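K.L.:
Give me coordinates for this.
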Amino acid sequence: MPAIVRPGLFLASLLAVFSSLSGCIDSGGIAPQAELADNPELLGGRAIEQAARAAGWPREAWWQAYGDAQLNAWVERALAGSPDLGMAAARLRQAEALAGVAAAALAPQAGLDANLQRKRWPDDNFYGPGPLSRTTSWNNTAAFGLSYDLDLWGRLRSNREQAQSLARVAATEQRAAALELQGSVVRAYIQLARQYAELDIARAELKQREQLLALAEERRRIGLGTELEVAAAEAPLPLAERQLDLAREAIALSRNQLAALAGAGPGAAAQLKRPQLTLHASPRLPSRLPLELLGRRPDVVAQRWQVAAAARGIEVAKADFYPNVDLLGSLGSAATQGGVLDFLRYDKLTYGLGPALSLPIFDGGRLRSQLGAQTAGYDLAVEQYNRTLVQALRGVSDLLIRLHSLHEQEGFVASALASAQRRALLAGEAHERGLTDARAVLEAQSLVFEQQRLQQQVHAGLLAAQAELWVALGGGVLDPGSGPSAAQLQTREVRLHVPGRP
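P.N.:
Have a look, this model is predicted:
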């Protein structure tokens, strides 16, 4: 009597045989070599990991700290109309769709194919002169197919997780594009404010030159001055007028830049009024706080998701070393004669059901090379993450050093400006008493205007450096619980103002 083989035992035995055969292609000896630079002392705990999981982007509008309603409105307009953000959003939708494709592979697949043909049968050596020769009949088929990949080794699951990680990378790239756009608009707006201040200086300089010329002409008229004094007072006028024109040109160019950032034509920024920027609170950050906030920087989070995607790629490559088992089923019918619907009759029915196995036995080293490439890609992603982290740390440190230096320069420039103004005042009084000529007054006033321009540059530098620091920290430190409290803030006022006459 023949032995009875149970189906479950037979399938297990078959899998064991295929698994042993798969040992012909060995994946041993191929492993990642790079290590993530996740030092808790360096990064303040699991901030990077938490940000990579939750992508907790700051929700505050950090640019509102400058207290300019026009700036707030223009940033919002740029975020709504920027082509760069539109492209980033499209890439995100594309990545999410591809992740959906990878996830769909885990589900059973079903499809229906049907074919209705009116066919004429020939009379030739192949078909023969049978009863169908030179006649026409319906040649119809229909098939319903069902397949399901058991994914015994997790290849499809790893592929899905890899696609999801890449979708998260696209999300971080969209966030990075938005953050960069916000920073660009704020920097351009600060530049516009500085140019308005320089326009005021140029106007004051031109007015002073005109006043000195009028004074020299008056002294010549009453016989106290000479033509040389008039010529000396008249010579700087063209340069002062040129400086005024350059300031107007710079303002127009900055408006065009702001319009382009908002995705609008050049005329859109013509409505912009003079900026009114005031930064009332410049945070004095604790030493560990910026490092913890690096975990929500888009570039750091993006690199972390790249590492996760590369790790899943290794799992996909490893799964290719093992046999793949699919469950296949089909239900169909076929009819070559009779009526158009005869293929739907029961006696025309056909079906099939069973497993399908595929097993790599010899591939000339293809699978090992694929695994080696995925492993090297993981090492590359890890090193890129480590480099991004180091560069982020350096960037924040550089910005803190620059802010400290600009605060120091602010005091030095204020002292130098006060000295220059006092000198200009004394030179003017000496000129009115006839103790000196107009050239001494011009030299003293030129020094005042030079110090005023330097003061505006320092003020604008402070505002811009603070904006860059907020961007470098992933979008500011104004979230409750994520940044310093009000008691930890150094209250000060940094303002771009209209310079007065010396």
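K.L.:
and the spatially closest residue to W138 that is not a sequence neighbour, how many neighbours?
P.N.:
Of all residues not flanking W138 in the chain, V340 sits nearest, at 5.2 Å (C-beta to C-beta, 6 or more residues apart in numbering). In short, each C-beta sits where N, CA and C put it, glycine included. A count of nearby residues for V340, using other C-beta atoms under 10 Å, gives 11.
K.L.:
heads up, I number from 36, so please use that
P.N.:
Yep, numbering from 36; the last one is V375 now.
K.L.:
and V375, which of the three is it?
P.N.:
When classified by DSSP: H, G, I helix; E, B strand; the rest coil, V375 comes out as coil.
K.L.:
so it makes contact with Q152?
P.N.:
No - with contact taken as C-beta atoms under 8 Å, V375 and Q152 are classed as non-touching, separated by 10.2 Å.
K.L.:
element containing the residue most central in space within the chain, please.
P.N.:
Central residue of the chain (C-alpha atoms, centre = their mean): A211, 2.5 Å from the mean position. Using DSSP states H and E, A211 falls within helix 190-256.
K.L.:
next SSE after that helix?
P.N.:
Next along the chain after helix 190-256, taking DSSP H and E as the criterion, comes helix 262-269.
K.L.:
Show me what counts as buried in that following helix.
P.N.:
Using 16 or more other C-beta atoms under 10 Å as the test for burial, helix 262-269 gives E264, V265, A267, A268, E269.
K.L.:
That one packs against which elements?
P.N.:
When contacts are defined as 3 or more C-beta pairs under 8 Å, 6 or more residues apart in numbering; DSSP states H and E, helix 262-269 packs onto helix 190-256, helix 473-507.
K.L.:
would TSV of those with mean pLDDT and distance to L147 be doable?
P.N.:
Compiled in TSV, those are given as follows (pLDDT from 0 to 100; distance: least, C-beta to C-beta, whole Å):
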stretch	mean pLDDT	distance to L147
helix 190-256	89	23
helix 473-507	87	54
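K.L.:
Include distance to S393 when you put those into JSON lines, please.
P.N.:
What follows is the helices and strands packed on helix 262-269, written out as JSON lines (distance: least, C-beta to C-beta, whole Å):
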{"stretch": "helix 190-256", "distance to S393": "12"}
{"stretch": "helix 473-507", "distance to S393": "51"}
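K.L.:
Out of those, which is closest to A369?
P.N.:
The closest of the helices and strands packed on helix 262-269 to A369 is helix 190-256. By C-beta to C-beta, the value is 32.6 Å.
K.L.:
next one: the closest one to chain centre, how far?
P.N.:
Here helix 190-256 is found 19 Å from its chain centre; the criterion is C-alpha atoms, centre = their mean, to the nearest Å.
K.L.:
Likewise for stretch 103-120?
P.N.:
How far stretch 103-120 lies from its chain's middle: 16 Å, per C-alpha atoms, centre = their mean.
K.L.:
Do you have the strands of the stretch 286-435 of the chain handy? List them.
P.N.:
Taking DSSP state E, counting those that start in this stretch, the strands of the stretch 286-435 of the chain run over residues 313-318, 359-370, 384-393.
K.L.:
any idea which of those strands scores lowest on pLDDT?
P.N.:
Mean pLDDT per stretch puts strand 313-318 lowest among the strands of the stretch 286-435 of the chain, at a mean of 58.
K.L.:
A449 versus A228, what's the distance?
P.N.:
A228 sits 19 Å away from A449 when distances are taken as C-beta to C-beta, to the nearest Å.
K.L.:
Correction: the previous question concerned Y224.
P.N.:
Counting by C-beta to C-beta - Y224 and A449 are separated by 24 Å.
K.L.:
what about these two, which has more around it?
P.N.:
More crowded of Y224 and A449, by other C-beta under 10 Å: Y224, with 27 against 13.
K.L.:
Find me whatever residue is spatially closest to the more buried one, sequence neighbours aside.
P.N.:
Leaving out its chain neighbours, the residue that sits closest to Y224 by C-beta to C-beta, 6+ apart is L106, at 5.2 Å.
K.L.:
lowest average confidence, helix or strand, in the chain?
P.N.:
strand 524-530 (a mean of 34; mean pLDDT, DSSP states H and E).
K.L.:
Identify the residues contacting the residue lying closest to I286 once chain neighbours are set aside.
P.N.:
Closest residue to I286 apart from its sequence neighbours, by C-beta to C-beta, 6+ apart: Q230 at 4.9 Å. Residues in contact with Q230 (C-beta atoms under 8 Å, 6 or more residues apart in numbering) are A282, A285, I286, S289.
K.L.:
Next, find the distance separating Q230 from S289.
P.N.:
Here the criterion is C-beta to C-beta. By it, Q230 lies 6 Å from S289.
K.L.:
Show me the protein divided up by domain.
P.N.:
Domains of the chain are assigned by automatic domain parsing as 61-141+190-357+400-530, 143-185+359-393.
K.L.:
Please identify the most buried of those domains.
P.N.:
Ranked by mean neighbour count, the domains of the chain are led by domain 61-141+190-357+400-530 with a mean of 18 (mean count of other C-beta atoms under 10 Å).
K.L.:
How far off centre is it?
P.N.:
14 Å.
K.L.:
Quick check: buried residues in stretch 394-401?
P.N.:
By neighbour count on 16+ other C-beta under 10 Å, the buried set for stretch 394-401 is L394, P395.
K.L.:
Between the two ends of that stretch, what distance do you get?
P.N.:
End-to-end distance for stretch 394-401: 14 Å, by C-alpha to C-alpha, to the nearest Å.
K.L.:
Stretch 299-306 now?
P.N.:
Using C-alpha to C-alpha, the end-to-end distance of stretch 299-306 comes to 13 Å.
K.L.:
ok, now stretch 133-147?
P.N.:
Terminal residues of stretch 133-147 are spaced 24 Å apart (C-alpha to C-alpha).
K.L.:
Give me the mean pLDDT for that stretch.
P.N.:
Per-residue pLDDT values over stretch 133-147 give a mean of 90.
K.L.:
who touches it?
P.N.:
Against stretch 133-147 from outside (C-beta under 8 Å, 6+ apart): 177-184, 186, 191-192, 194-195, 197-199, 201-202.
K.L.:
do stretch 476-492 as well
P.N.:
For stretch 476-492, the surrounding residues in contact (C-beta under 8 Å, 6+ apart) are 229, 232-233, 236, 239-240, 243-244, 247, 267-268, 271, 448-449, 451-452, 455-456, 458-459, 461-463, 466, 531, 534, 537.
K.L.:
can you rerun that using 6 Å?
P.N.:
With contacts defined as C-beta atoms under 6 Å, 6 or more residues apart in numbering, stretch 476-492 is touched by 229, 232, 236, 240, 243, 448, 451-452, 455-456, 458-459, 462-463, 466, 534, 537.
K.L.:
Please list the members of these that lie in helices.
P.N.:
Among those, the members found in helices (DSSP state H) are 229, 232, 236, 240, 243, 448, 451-452, 455-456, 458-459, 462-463, 466.
K.L.:
If anything else comes up later, I'll come back, but that's it for now.
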